[in-house]
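>>> Got a predicted structure here, sequence first:
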Amino acid sequence: MVSVVILAAGRGKRMRSRTPKVLHPLLGKPLLAHGIEAALLLAPREMIVVASPIVSEAVSNWPFKGRFSTVIQNPALGTADAVLCGLSGLSSTNGTVLILPGDVPLVRSSTLKALLGYFDASQSVLTILGAEVEDPHGYGRVITTPSGEVTRIVEERDATEEEKAVGFINSGIIAVKGGALADALQMVESNNAQAEFYLTDLAAIFYERGLKVTAMRCEDPEEILGINDRYQLSEVQGRLLRRIIRAWQVEGVTFILPETVYLETEVEIGRDSVVEPGVFLRGQTRIGEACRIGSGSVIEDSVIGDGAIIKPYSVIEGSVVHGGAAIGPFAHLRPGSEIGQEVRVGNFVEVKKSKLEPGVKASHLTYIGDTTIGSGTNIGAGTITCNYDGRKKHPTTIGKDVFVGSNTALVAPVTVGDGATIAAGSVITKKVPPNTLAVGRARQQNIYRKLRRKKDK
C-alpha cells in the first residue's frame, strides 16, 4: 500500500499575492486540488496535506476533504521539514511513501502509477520522477552516474555552471521507502543558498549509504511543469485547456476556434455539440448533445438540454435549459431559472428564479423575476414583472396560453389565469381570471385646441 504526502505549506512569494500559491485558481479549482485528485485515483492508504494555517482552513470546506488529512507546517523551514511534519500525521510509515509538490497540476494519475511500478521493479530506496528538457532553467538538476544511477539533486541556486548545463530536471515527485525516510530526513542540513532543509538532499544521503537511488523519465515533460509566478500559471492553464478540449474533440464535440474557448475541468459536453469562439463554460455545467453555444456566451453551473441553442453573448447562471429551447442573443438567465422545452427567450430578456413551461415565448426586452409561466404563453416586448416592493420579493403566476401585450407591468403578487389576454401598456395589480381581457391603463383622450400663431417680429 502507498501513503501520499502533498507539500502545500509554501507561500509562493513570486506570485506576489496575499493568497498562497496552491490556492490560486486553475480552470475552476485551486492548484492544490488538481494534484490531490490525481493522487486520490491511486486509492492510497492515507493522504496527508502539509499546509500553512491559511491553506488548512481553506481545504476544510472542500467536497473531498474527508479523503485526506492536513498537518500544519509553521514556520515553513523547507521541503524536508515539511515531509517530517507529514510523516507525523501518518498512522504508519511502512511501505511506500509518495511525495508530491502542491503545484504540479498537470501530472496524470497514470504517470504516478507508472512511477510506483518503476520504484517497485527497480528495488530502489528512492525513485525520482524527472524529465529531459531543452530549457531546464528554474528546476533542480538530477545528477547521475554513467550507468544512470542518481547521485544527487542540486537546486539551481546551488548548482555550478556545469551542473546548470544538465537537462535532466527534478519534478519534486518521489517514491521512497517509508522505513528509511524518517531516519534520512534527520540528516538533512540547511547549508544552502536558501538556508532551508531540502528534501532533494535525500538522494545524496541514500547514495552515500550505498543504497539504490533511481530516476524515471516522464514521457511527457509537460506533466511535471511547476508554477512559481503568474506567467507560469497562465502557461500551465493554456496547456491544461488544450488537453481538456482535445479530449472533448475526441468525444465528438466541435470547437470552431478552440484556442479562444475557456473550459473548466468539471464541465461536460455531449457529442455533436458545437462551441463557437469566445465561449466560457464554468463550474458544474452540463451541455447535452447536438447543442450550439454561441460566440461570447458565458454558462456557469447550468444544465443545457439536448438540441438547445444558446445564441451569442448570452449569460446563463445556475439554471436549467431543457431540450430544443433557444436562448438569446444577449439574454441573461440568473440563478434558479428553469426554461422548458421549445421555449424562446430572446434578445435582452432577463429571467431570474422563474419557471417557463414548454412553448413559452419571451422574445425581446423583458424582465421575468420570481415568476411561473404556463405552456404556450406569449410575453410581449417590454413586459416587466415588478417583483420587489422595496422590502421583499413577491411571486407572479401566469397560466397557460396567455397573451401578454407589449409594455405590460405585472405588479406582484399577482395571478393571471389560463387563456387570458392583457392589453398592451397595462399595469396589472389584481388577479386576472381565465379567458378574460384585462386592460389596466387610463382611457386615451384626444384634446383639440386652437393653435396660436406666432406674432411677426
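Looks like it came in fine. Numbering: from 1, shown residues only.

>>> contacts and neighbour counts: CA atoms only from here.
Noted.

>>> Which helix or strand contains residue 348?
Per DSSP states H and E: residue 348 is located in strand 344-352.

>>> which helices and strands does that strand pack with?
Using 3 or more C-alpha pairs under 8 Å, 6 or more residues apart in numbering; DSSP states H and E, the elements in contact with strand 344-352 are strand 326-327, strand 332-333, strand 361-369.

>>> ok and the last one relative to strand 344-352, angle-wise?
Strand 361-369 runs at 0 degrees relative to strand 344-352, counting by axes from the mean of the first three to the mean of the last three C-alpha atoms, to 10 degrees.

>>> helices or strands up against strand 361-369?
Packing partners of strand 361-369 (3+ C-alpha pairs under 8 Å, 6+ apart): strand 344-352, strand 378-379, strand 384-386.

>>> Would you convert these into a markdown table that also reports mean neighbour count and distance to residue 102?
Output for the helices and strands packed on strand 361-369, formatted as a markdown table (neighbours: other C-alpha atoms under 10 Å; distance: least, C-alpha to C-alpha, whole Å):
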| stretch | mean neighbour count | distance to residue 102 |
| --- | --- | --- |
| strand 344-352 | 23 | 39 |
| strand 378-379 | 24 | 53 |
| strand 384-386 | 22 | 49 |
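
>>> will you turn those into a markdown table that also has mean pLDDT?
Below are the helices and strands packed on strand 361-369 laid out as a markdown table (pLDDT from 0 to 100):
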| stretch | mean pLDDT |
| --- | --- |
| strand 344-352 | 98 |
| strand 378-379 | 98 |
| strand 384-386 | 98 |
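
>>> Let's have those strands in CSV, adding distance to residue 42.
CSV is the format used below for the helices and strands packed on strand 361-369 (distance: least, C-alpha to C-alpha, whole Å):
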stretch, distance to residue 42
strand 344-352, 43
strand 378-379, 54
strand 384-386, 53
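
>>> Out of the ones you listed, which gets nearest to residue 247?
Closest approach to residue 247 among the helices and strands packed on strand 361-369 is made by strand 344-352 (31.7 Å; C-alpha to C-alpha).

>>> in its sheet, what does the closest one sit against?
Sheet pairing of strand 344-352 (DSSP bridges) gives strand 326-327 (parallel), strand 332-333 (parallel), strand 361-369 (parallel).

>>> With mean neighbour count and distance to residue 276 as added columns, please give these in TSV.
Converted to TSV, those look like this (neighbours: other C-alpha under 10 Å; distance: least, C-alpha to C-alpha, whole Å):
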stretch	mean neighbour count	distance to residue 276
strand 326-327	27	15
strand 332-333	26	18
strand 361-369	23	22
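
>>> Including distance to residue 105, could those go into a markdown table?
Listed next are the strands paired with strand 344-352 as a markdown table, based on distance: least, C-alpha to C-alpha, whole Å:
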| stretch | distance to residue 105 |
| --- | --- |
| strand 326-327 | 35 |
| strand 332-333 | 33 |
| strand 361-369 | 41 |
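
>>> of those strands, which approaches residue 138 most closely?
The nearest among the strands paired with strand 344-352, by C-alpha to C-alpha, is strand 332-333 at 45.4 Å.

>>> Quick check: mean pLDDT of that closest one?
Averaging pLDDT along strand 332-333 yields 98.

>>> Relative to residue 33, which of the strands paired with strand 344-352 is closest?
Going by C-alpha to C-alpha, the one of these nearest residue 33 is strand 332-333, 29.5 Å.

>>> Quick check: what element follows the closest one along the chain?
Counting by DSSP H and E, the next helix or strand C-terminal to strand 332-333 is strand 338-339.

>>> which strands and helices sit next to that next one?
Looks like strand 338-339 contacts strand 320-321, strand 355-356 (3+ C-alpha pairs under 8 Å, 6+ apart).

>>> can you pull the buried residues of the longest helix belonging to the chain?
Looking across the chain with DSSP state H, the single longest helix is helix 230-250. Using 16 or more other C-alpha atoms under 10 Å as the burial criterion, the residues of helix 230-250 that qualify are 233, 236, 237, 238, 240, 241, 242, 245, 248.

>>> what's the answer for stretch 57-64, then?
By 16+ other C-alpha under 10 Å, the buried positions in stretch 57-64 come out as residue 59.

>>> helices and strands around the helix or strand hosting residue 207, which ones?
Using DSSP H and E, residue 207 maps to helix 201-208. Where contact means 3+ C-alpha pairs under 8 Å, 6+ apart, helix 201-208 is packed against strand 150-154, helix 178-185, strand 213-217.
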